[in-house]
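Novice: Got a predicted structure here, sequence first:
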Amino acid sequence: MAYEGKDKVIEEVTGKSYEFGFTSEIESDKAPAGLSEKIIRLISAKKDEPEWMLQWRLNAFAVWQTMDEPNWPHLQYEKPDYQAISYYAAPKQKKQLNSLEEVDPELRRTMDKLGISIEEQKRLSGVAVDFVLDSVSVATSFKDKLAELGIIFCSMSEAVKEHPELVRKHLGTVVPTRDNFFSALNAAVFTDGSFCYIPKGVRCPMELSTYFRINESGTGQFERTLLVADEGSYVSYLEGCTAPQRDENQLHAAVVELVALDEAEIKYSTVQNWYPGDENGKGGIYNFVTKRGICHHRSKISWTQVETGSAVTWKYPSCILKGDNSVGEFYSVAVTNNAQQADTGTKMIHLGKNTHSTIISKGISAGNSHNSYRGLVQIMPSAANARNFSQCDSLLMTDTSGAHTFPYVEVKNPTAQVEHEATTSKIGEDQIFYCLQRGIDAEQAISLIVNGYAKEVLNQLPMEFAVEAQKLLSISLEGSVG
Amino acid sequence: MGGAKPKLMDRSIFEAKHAASEASGAALIEALDKVLGAKAGVAFAEVPVPHRRVERWKYTPTAAWWRDVLAPDIKTVAAAKCDENPVPGLDAYRLVFVNGAFDAAASDLPVHTGVTCMPVSQRHGQKLQVEDAFSPESSDWFASINGRYSQEGMYLRIAQGVEVDRPILIHHHTCGAGTFNVLRHDIVLALNASVKLIHWSTAAAEADGSVNVLTRADIGAGARLHLDKVQDEEGIVRHIAFEDIRQGRASHAEVHTITVRGSWVRNDLAFRINGQGAHAELNGAFLPGEGEFVDNHTTVDHRVPHCTSSENYKGILYGKSTGVFNGKVFVRPDAQQTNAYQQNANILASENSRMNAKPELEIYADDVKCSHGCTVGQFDSDALFYARSRGVGLEAAKAMLVHAFIGDVLKGLSIPEVRLEVEHRLAEKHGWDVWSDHPNDDS
C-alpha cells in the first residue's frame, strides 16, 4: 500500500496485546483429565441429574467414540488431545444464592472488569444476565421480572431439574447427537449453558444475555444452549465472550439449539472475542461450535455474529426452514489477525414453501491469518418459491493473509430463486487518497472504510450490543490497523 | 425433520459404499489391463477412487462407471466408419477418431509450414509432454486411467509465429456397445503461434460406452489458443474430459464448452497461468434433457502477477436432469494485480431438474480483484407474460428467452459455422422452431 504509516499500523496490530487477558482466581472443583464413561457418570452425578439425562450422555459418548474429527475445514491446527482435557470444573458454591450480594466478591470483580456489572445492567439497560463462569451458572438476574411473563431463563442444569418435560422434548432435536464430532462430544460432556423458554404470544421485553468465560486453565468449555420460542413469541438473545490469556490451547465446543415455533421470532446475536493467541499463533482458543435453529410456520430466526477472537474458529450458525413462509437470516463479520484462522459461514436448508433466507458475510483478513466463508444453501423439492440471497465479501489487509470462499448451492426445486455473489479485494488506494487529501490520516481512513464495510452487519445488532461489538472490532483491528 | 433421519447419518452405509467403489475401481483396472494392457512404466497414481465422500466427486454419481466393470466385454475398437462432417460448410482441417482409433480416410491433416499435426501413434521419435505434479494424471483417478490406457489422439506442434490458416477440427465418434475410448491430445504452441481448434464429440444412438479424453496444451509466450468444444452424444455414453492448459507470458487461451447432448458428461478444465499478462477465458453452456447429467469443473490457477481470467457458465436444465458447476479461482501469494471474474447462472426449467453449484475463491494475495456470482432460478414470468401478451406462445417465448440467456456464451464461438450448427442442434433437440426462423446472424 502506497501510503505512509502502513508499517506503523501493521506493527501496532501485531504488537497489540490482548486487553481482556486477565485471570481471576476462584477456587474451583475440577475433574481429572480424560474422558471415559466414568467421567460422564461423575459429571452427571455432580450435577445431580436425572437418569434419562445420564443415559442421553452415555449414548452420545458411544456415538462420539465411533466418529472422527473433521478434516475438511480450511484450517491447520494441532488436534487437541481429548484425553488431556478436564471435562468438569465448577466454582465451589457453598449454598444457593438468593441475591447478587451473596456472589463471590472475586467473581463480581471479574464481571466488573468485563464491564457487565449485573446491578448496572439491571438498572440501566434492562438486560438480564445469566453469567456463566466455567460451566456453572452462578448469578442470574431479572428472573422475577421474566417469571411474571412466564419466561423461563435459567441455566441448563437448573432446567434439567425444574423443566424436564421441555428439555426432553427439545434437547437434541435441532442438533442431533450424531450431527458431527463436536456436537457428539458436547452432548456427552456438556456441563452447563443457558435454557430459555418464551411462552405463547409473549414478547420478551428485554434483551436476554449470557456472558461466557473460560477461566480454569486446561478445561474445555462445553456449553449447551437451548432456546425455545413458543407460538407467536419474540426474543432477542445476546451472547458474548472474552477469555483470559493462556499459553496452551483451550477447546470450546458448544452447541446452540434454537426452536422457533409457529410465528415466533428469535434474534440471536453473538460477539465473540476468545483469546486469539499471540502474534506467532501460540495459545488461543479453539472454537468449534455447532449452532442451528429450526423454523416452523411463519417464524423467523436471525443470526448475527461478530467474530474477532479465537485461534481457530469452526462455526456455521444455520437455519432449517421447515415451516412454510419461514425466514432465516445470517449476518456475520469475521476478523482474523496474526495467525488466526476462521472457517465460518452458514447453512440454510429450505424445506417449507415460500421460505426466504438472506446471508451477508463480511470477512476481514490481516496479518498472516486465513479467513474462509463456507456456506450451504439447499433448496429441497418441497420448498416451492424459496428465495435466497447470499453476499460474501472479503477484505484483505496484508499480502500474507488469505481470504477464501466455498459456497455450496444445491437446488432441487425449479421455482426457487437463489443468488450468490462474492468479491475479494483490498482497500482501494483511491479511497485512502480521498481521505488523505481531506486531512484524515491513513490509520483513521482505514478505520473509516472498515467500519463502513462492516456496517451492514453491525446495524443488525441490538443497540446494547453494537457498542461492545464496535469496541471489540476496534481492539482487533481499528485501534491497530485502522 | 430432514436432518434427523438416522439412516442418512449412518456411517456404515457410507463406508460400505466407499469400500464398494474401491473394489469396483480395482476391478475396473484389472479388466482394462486384460483388454487394453497397461502402458509400460505407467504407474497408477495414488489417488482415491471417485466417490461421493471425495470432495471433488461430491455431486457426481459414478455408479454408471462401475456397472461397466460388471459387463467385462470391453472392446477396444468396433469396426465402424464415420465420414460425415459434423459441421457442414466448415472449411477446416479434420482429424477423425472413431471409437478411439484414427480414421485416416475421413481425415484431412493440416499441410502448412510450421505445423506438425498427426495422430499420436504416427509421431515417430517425437516426444509427448511429460506429466508433472500438476497434471491431472497425478491428481485424478479418471485422468490416471487416461495416462495408463490412452490409445490415440492428436499430436500438434505449431512453430514460432505461425498462424494456422484454417481451424482444425477434431471429431470423435462413438458407436457400438461396450466401447472404452481413451484419447489424449498433445498440443504445443510456440512463441506467438495461433490456432483455432474445434473438438466435436458425437455418438450413435445405439452407442453404449465411455469416452475419456485428456487434452494438454502448452501455450507459449504471446500465443493464442481458441478451443470450441461441442459435445453432442446420443446413446449412453459416459464422457469425461480433462483440459490441462498451461499459459506463458502474454498468451491468450479460450475454451468454450457447449454440451448439447450427453447422458453423463463431466468436463474438468484446469488453467495454469505461468506467465505475466496472460488472459484465460472459460465459457460454457449446458442444456441437459431427460435423464442427462452434466458436470463442469473448472480451476484457474493464477501463479504470477498481472493476469486476468474470465469465466461464464450458463445452464438450463430440462426433464429429470442434473447439473453441476464447480469453479475454483486460485490466486497464489505472488499473483498481485490479478483480475478474476466468474459467473454461473442456471435455470431450472422442469419440475425434476436439479442444480448443484459450488463457485470457490481461494486467495492468498491482497492486491487483487476477484468476484464470483452464482444464480439458480427460472424463466422470468414478466418476460414470458410480455411475449405472450404479444401473441407469442409459451414454448416459443421460453425458447426466445433461452436464446437470449445463452446468447453471450454462444457468441464466444468465434467460428460462425460452428455457432450455427450448435444452435441448429440445440433447436432440434428441444424442438424449437423459433431459432431457425431467427438465425442469429447479427455478428
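Specialist: Done, it's in. From a predicted model like this one, the values you see are computed outputs, not experimental measurements. Residues are numbered from 1 along each chain as shown, chains lettered A, B, ... in the order given.
Novice: who in the stretch 351-482 of chain A is up against chain B?
Specialist: A:351, A:379-380, A:394, A:396-426 (CB under 8 Å from any CB of the partner chain). Every residue, glycine included, has its C-beta placed from N, CA and C.
Novice: go again using 7 Å as the cut-off
Specialist: A:351, A:380, A:396, A:398-399, A:401-412, A:414-426 (CB under 7 Å from any CB of the partner chain).
Novice: of these, buried ones?
Specialist: Taking 16 or more other CB atoms under 10 Å in any protein chain shown as the criterion, what is buried in these is A:351, A:380, A:396, A:398-399, A:401-412, A:414-426.
Novice: In strands, which of those appear?
Specialist: A:396, A:402-411, A:417-426 (DSSP state E).
Novice: where's the residue nearest to residue B:225 when sequence neighbours are not counted, which helix or strand?
Specialist: Here the nearest residue to residue B:225 in space, its sequence neighbours aside, is residue B:253; by CB to CB, 6 or more residues apart in numbering or on different chains that works out to 4.7 Å. Assigning secondary structure by DSSP states H and E places residue B:253 in strand B:252-261.
Novice: again, but for residue B:414
Specialist: Short version: residue B:414 belongs to no helix or strand, going by DSSP H and E.
Novice: Next one, pLDDT for it please.
Specialist: What the model reports for residue B:414 is a pLDDT of 85.
Novice: The residue lying closest to it once chain neighbours are set aside pairs with what?
Specialist: Excluding the flanking residues, the one nearest residue B:414 by CB to CB, 6+ apart is residue B:226, at 6.1 Å. Beta-bridge partners for residue B:226, by DSSP bridges, are residue B:196, residue B:254.
Novice: residue contacts, residue B:226?
Specialist: Residues in contact with residue B:226 (CB atoms under 7 Å, 6 or more residues apart in numbering or on different chains) are B:196-197, B:254, B:414.
Novice: again, but for residue B:405
Specialist: B:314, B:316, B:347.
Novice: burial count for the nearest residue to the last one once chain neighbours are set aside?
Specialist: Right, the one you point to is residue B:347. Closest residue to residue B:347 apart from its sequence neighbours, by CB to CB, 6+ apart: residue B:316 at 4.6 Å. Per other CB atoms under 10 Å in any protein chain shown, the neighbour tally for residue B:316 reads 28.
Novice: quick one: secondary structure of residue B:316?
Specialist: strand (DSSP: H, G, I helix; E, B strand; the rest coil).
Novice: Can you get me the start-to-end distance on stretch B:145-156?
Specialist: With CA to CA, to the nearest Å as the measure, stretch B:145-156 spans 22 Å from end to end.
Novice: got the residues of the stretch 251-400 of chain B near chain A?
Specialist: Residues of the stretch 251-400 of chain B lying near chain A (CB under 7 Å from any CB): B:333, B:348-351, B:353-378.
Novice: residues in chain A within reach of chain B, list them.
Specialist: Neighbours of chain B within chain A, by CB under 7 Å from any CB: A:66, A:72, A:176, A:178, A:294, A:320, A:322, A:349, A:351, A:380, A:396, A:398-399, A:401-412, A:414-426.
Novice: The strand holding residue B:253 packs against which elements?
Specialist: If you count contacts as 3 or more CB pairs under 7 Å, 6 or more residues apart in numbering or on different chains; DSSP states H and E, strand B:252-261 packs onto strand B:224-233, strand B:236-247, strand B:264-273, strand B:279-286, helix B:416-430.
Novice: quick check: angle from that strand to strand B:224-233?
Specialist: Computed by axes from the mean of the first three to the mean of the last three CA atoms, to 10 degrees, the angle separating strand B:252-261 from strand B:224-233 equals 10 degrees.
Novice: any idea of the mean pLDDT in strand B:252-261?
Specialist: Here the average pLDDT along strand B:252-261 is 96.
Novice: which residues are in contact with that strand?
Specialist: Contacts of strand B:252-261 (CB under 7 Å, 6+ apart): B:219, B:224-234, B:243, B:245, B:247, B:265, B:267, B:269, B:271, B:279-287, B:294, B:296, B:412-413, B:422, B:425-426, B:429.
Novice: Drop anything exposed from these.
Specialist: Applying 16+ other CB under 10 Å to the contacts of strand B:252-261 flags B:219, B:224-234, B:243, B:245, B:247, B:265, B:267, B:269, B:271, B:279-287, B:294, B:296, B:412-413, B:422, B:425-426 as buried.
Novice: show me what contacts residue A:408?
Specialist: Contacts of residue A:408 by CB under 7 Å, 6+ apart are A:375-376, B:358.
Novice: Show me the residues you listed that map onto strands.
Specialist: A:375-376, B:358.
Novice: Pick the one among those residues closest to residue B:103.
Specialist: Proximity of the ones in strands among the contacts of residue A:408 to residue B:103 (CB to CB) peaks at residue B:358, which lies at 38.8 Å.
Novice: Could you report the neighbour count for the closest one?
Specialist: Neighbours around residue B:358, by other CB under 10 Å: 22.
Novice: Not counting sequence-adjacent ones, nearest residue to it?
Specialist: Using CB to CB, 6+ apart, the closest residue to residue B:358 is residue B:326 (4.6 Å).
Novice: C-alpha coordinates for whatever helix or strand that neighbour lives in, PDB please?
Specialist: Per DSSP H and E: residue B:326 is located in strand B:322-331. Extracted in PDB, the C-alpha atoms of strand B:322-331 (Å, rounded to 0.1, in the frame of the first residue of the first chain):
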ATOM      1  CA  THR B 322     -28.900 -32.800 -13.000                       C
ATOM      2  CA  GLY B 323     -26.300 -30.100 -13.500                       C
ATOM      3  CA  VAL B 324     -23.200 -29.400 -11.500                       C
ATOM      4  CA  PHE B 325     -20.900 -26.400 -11.600                       C
ATOM      5  CA  ASN B 326     -17.700 -26.200  -9.600                       C
ATOM      6  CA  GLY B 327     -15.500 -23.300 -10.400                       C
ATOM      7  CA  LYS B 328     -12.300 -22.600  -8.500                       C
ATOM      8  CA  VAL B 329     -10.200 -19.400  -8.700                       C
ATOM      9  CA  PHE B 330      -6.900 -19.800  -7.000                       C
ATOM     10  CA  VAL B 331      -4.700 -16.800  -6.600                       C
END
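Novice: Taking their axis directions, it and strand A:402-411 sit at what angle?
Specialist: 170 degrees.
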